[in-house]
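In: Model the structure of this input:
(2 chains)
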Amino acid sequence: MNDFTLVLKNLFRKKLRAILLLFSILSAFLIFGALGSFYKVFTAGVEVAAADRLITVNKINFTVSLPLAYVNRVRSIEGVRNASHASWFGGYYQDPRKQVQTFAIEADTYLAAYSELVMPDEQRKAFMETRDCLLTGIDLVDQYGWKLGDSVPINSNIWQKKDGSSVWEFTICAIFDGDKETVPANYLMFHYDYFNENLAFARDKAGWIILNSEDPAMNDDISKQIDTLFANSQAETKTSTESAFNKAFLQQMGNIGLILSSVIGAAFATILMIVGTTMVMAVSERTKEIAVMKTLGFRTGRIFRLVLSESLLLALLGGLIGLGIAWALVDLAIGPALSGFLPGMRLTADIALLAIVLMLALGLITGILPALKAMNVAIVDALGKN
Amino acid sequence: MSKTEPLYVLRGLSKQYSRGKETIPIFDGLDMEIANGEFMAIMGPSGSGKTTLLNQLGGIDAPTTGEVIFDGRRIDNLGQGALAKWRSENVGFIFQFYNLMPTLTAAQNVELPLLLSPVKGAERKKRVATALDIVGIGDRAKHYPRQLSGGQQQRVAIARAIVADPKVLLCDEPTGDLDRTSADEVLEMLQLLNTKMGKTIIMVTHDPAAAKYAKTELFLDKGKFIKKGSKK
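Out: As a prediction, the model looks like this:
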């Protein structure tokens, strides 16, 4: 027997209570692990944003396009190393329910801007040289069982071809992946020229401009120069860093971070009160036992550590089980199921680490009062309570 | 310490409690010596200060004034940590209601004081088994307190009190919750620990029959010793 035995025995002295407490903590960390993973993958775009990358969109709204001529004018601004453009295609495959994010891009400059998109050299070459090539994200290849050489018709709800059809024929000649798991690879890209030449209307427009600055320190200055350049024109612009753009884009759907933080915060506040109150009651129930231990010669510091260890053990046990279930759910079930929509969704090490820090904090916060109470038990008073 | 030197010396011991503005004296200016190897029964009516005196001897309560000297060392002025260490090394406590840990087995209850000593592993197990055998309850080692009778629980409590080999056993109404037969068994055991193992035993009791097992009977009333009888 050692101190750990005492901690364990006291923690499970009332098994039902211990199990209910464990379940409460488990639930909180299950929510934390699952929602944390969701938030992480949802905001991955913000995290993978390159510091030197800027986005110029129409000041009215990012869905309103810009004149294509703006791209060359942006290129001429001092400090702009590379400029490209992309347009939203809004495609679906076979069935409107099978939405696939598709973009018409200026290939060479776009891939230069997004160096984190990787593919074999021969496929890159094939993409550059093939007008109707569909550069396909690896996640969609996995999802639809596509392979190189497949002909893939993509429908657009927005863009009609000159012949009146909204079905655009492509051939998969390159497959890209991200150089990190957090880089999305769940969309399609094809040549802007192919797109522009076949459009029935609205030619020579760019959805948005992507540019790389020579130095991130120049970002603010470049943004001002671009927006000043197009001020008072028919299509005024708004330039921001990619990170800020992505954040603004996410906020169109509401403050996901705030919503998730509120849910997680509410769960933790509830757990804190439940576990804290129960621990205080649990220690009160055994005031006499604590007095006996002190009588036998257990020092106050040791009593303090024993009681605090109980709440720490409780938080760690419940938390780790909850985190384990969250991992199984996210990595083995939800993640694979949502790979097309939210690629790379998994319970990452930083979420697990933060969860462990929260477990320790929960254990300390809920244990400190009972531990102090136990430490200050007056032997004579407690033993007198028969 | 030679055998003639007392184990305890109390000098001018006073204890009073405050209740609001009122001060309640328990005893005032007690002087006494307790010899090494003594088996002393302290008797007296409720509120006479018996348990308070025992608490002073056990270092779990401090006197208002006066000195408590144990084995030549003053203990009433020690800090909480030092007192805890002193108790773990020198005193075994036996309570009226046994005060065993309900979540621990009999053996684990007995082992508890050894968590405070450097005794480890096989030696610790041996000591626990020996203590349980001495009190005649070795076959109940794995039983929890709720699975034991009152008498058996008090035996476990005695085993817990002696396992760390203290010099003195302080017993507060050790038979107060037992029937006569069990009480006699416990008292015989205490007597045996005193005569065969040389433990100094100081026992607070209401029960004249229990006090008869002691070598010395001391009567405390209104904070003063009023009669002292020795069978030596």
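
In: Which secondary structure element of chain B has the lowest mean pLDDT?
Out: strand B:224-230 (a mean of 67; mean pLDDT, DSSP states H and E).

In: which element is B:Ala82 on?
Out: Per DSSP states H and E, B:Ala82 falls inside helix B:80-90.

In: for residue 102, helix, strand, or coil?
Out: Since you didn't name a chain, this refers to chain A. Using DSSP: H, G, I helix; E, B strand; the rest coil, the three-state assignment for A:Thr102 comes out as strand.

In: Hmm, no, I was thinking of chain B.
Out: Judged by three-state DSSP, the three-state class of B:Pro102 is coil.

In: Report the contact partners of it.
Out: Contacts of B:Pro102 were listed using Cβ atoms under 8 Å, 6 or more residues apart in numbering or on different chains, and they are A:13, A:289, B:144-146. Where C-beta positions appear, they are placed from N, C-alpha and C, glycine not excepted.

In: For stretch A:7-22, which residues meet the burial criterion?
Out: Of the residues in stretch A:7-22, those buried by neighbour count under the rule 16 or more other Cβ atoms under 10 Å in any protein chain shown are A:7-13, A:18, A:21-22.

In: Around A:Thr102, how many other residues sit close by?
Out: 26 (other Cβ atoms under 10 Å in any protein chain shown).

In: tell me, how many neighbours does whichever residue of chain B sits closest to chain A end up with?
Out: Taking Cβ to the nearest Cβ as the measure, chain B has B:Ser88 as its residue closest to chain A, at 2.6 Å. For B:Ser88, the neighbour count with other Cβ under 10 Å is 21.

In: B:Gly59 should be in a strand, yeah?
Out: No - the secondary structure assignment for B:Gly59 gives coil rather than a strand, going by three-state DSSP.

In: Three-state assignment for the residue positioned nearest the centre of chain B, please.
Out: Central residue of chain B (Cα atoms, centre = their mean): B:Leu170, 1.0 Å from the mean position. Look at B:Leu170: counting by three-state DSSP, its state is strand.

In: Next, the contact list for it, please.
Out: Contact partners of B:Leu170, counting by Cβ under 8 Å, 6+ apart, are B:54, B:57-58, B:91-94, B:202-203.

In: residues in contact with residue 98?
Out: If you meant another chain, say so; for now it's chain A. Applying Cβ under 8 Å, 6+ apart, the residues near A:Lys98 are A:Tyr92.

In: wait, chain B
Out: The neighbourhood of B:Tyr98, defined by Cβ under 8 Å, 6+ apart, consists of B:145, B:150, B:153-154, B:156-157, B:177.

In: give me phi/psi at the nearest residue to the residue of chain B closest to chain A once chain neighbours are set aside?
Out: Closest residue in space to B:Ser88, ignoring its immediate chain neighbours: A:Gly297 at 2.6 Å, by Cβ to Cβ, 6 or more residues apart in numbering or on different chains. Recorded main-chain torsions at A:Gly297 are phi 120, psi 10, according to degrees, to the nearest 10.

In: so A:Gly297 sits right up against B:Leu114, yeah?
Out: No - A:Gly297 lies out of contact with B:Leu114 (Cβ atoms under 8 Å); the separation is 10.7 Å.

In: Show the pLDDT at A:Gly90.
Out: With respect to pLDDT, A:Gly90 scores 83.

In: The nearest residue to it once chain neighbours are set aside and A:Phe127, how far apart?
Out: With sequence-adjacent residues excluded and distances taken as Cβ to Cβ, 6+ apart, A:Gly90 is closest to A:Ile158, at 4.7 Å. Here A:Ile158 is placed at a distance of 23 Å from A:Phe127 (Cβ to Cβ, to the nearest Å).

In: and A:Leu364, what does it touch?
Out: Counting by Cβ under 8 Å, 6+ apart, A:Leu364 touches A:308, A:311-312.

In: Please apply the same query to A:Leu272.
Out: Here A:Leu272 is in contact with A:362, A:365-366 (Cβ under 8 Å, 6+ apart).

In: likewise A:Ser27?
Out: With the criterion set at Cβ under 8 Å, 6+ apart, A:Ser27 makes contact with A:267, A:271, A:322.

In: So which elements touch the host helix or strand of B:Tyr17?
Out: Mapping B:Tyr17 onto the secondary structure by DSSP H and E places it in strand B:6-19. Using 3 or more Cβ pairs under 8 Å, 6 or more residues apart in numbering or on different chains; DSSP states H and E as the contact test, the elements touching strand B:6-19 are strand B:22-35, helix B:50-57, strand B:65-70.

In: So for that strand, mean pLDDT?
Out: Summarised as a single mean, pLDDT over strand B:6-19 is 88.

In: which neighbours does it have in its sheet, and in what orientation?
Out: For strand B:6-19, the pairing partners within the sheet under DSSP bridges are strand B:22-35 (antiparallel), strand B:65-70 (antiparallel).

In: The longest one: what's the following helix or strand?
Out: Meaning strand B:22-35. strand B:39-43.

In: residue contacts, the nearest residue to A:Ala291 once chain neighbours are set aside?
Out: Once its chain neighbours are removed from consideration, A:Ala291 has its nearest residue in A:Ala382; the separation is 3.4 Å (Cβ to Cβ, 6+ apart). Applying Cβ under 8 Å, 6+ apart, we find A:Ala382 in contact with A:287-288, A:290-291.

In: Equivalent analysis for A:Leu22, please.
Out: Shown here is A:Leu22, whose contacts under the criterion Cβ under 8 Å, 6+ apart are A:314, A:317-318, A:321.

In: Distance check, it against A:Ala333.
Out: A:Leu22 is 23 Å from A:Ala333, where distance means Cβ to Cβ.

In: low pLDDT regions in the stretch 201-350 of chain A?
Out: Counting by pLDDT under 70, the stretch 201-350 of chain A shows low-confidence ranges at A:249-255, A:338-344.

In: how deep is whichever residue of the stretch 201-350 of chain A sits closest to chain B tucked in, by neighbour count?
Out: Nearest to chain B, among the residues of the stretch 201-350 of chain A, is A:Gly297, at 2.6 Å (Cβ to the nearest Cβ). By the measure other Cβ under 10 Å, the count of residues near A:Gly297 is 25.

In: ditto for the one 3 residues further on
Out: When neighbours are defined as other Cβ under 10 Å, A:Thr300 has 17 of them.

In: By residue count, tell me the biggest helix in the chain.
Out: Reading this off chain A. helix A:256-285 (DSSP state H).

In: Actually, chain B is the one I wanted.
Out: Assigned via DSSP H, chain B shows its longest helix as helix B:180-195.
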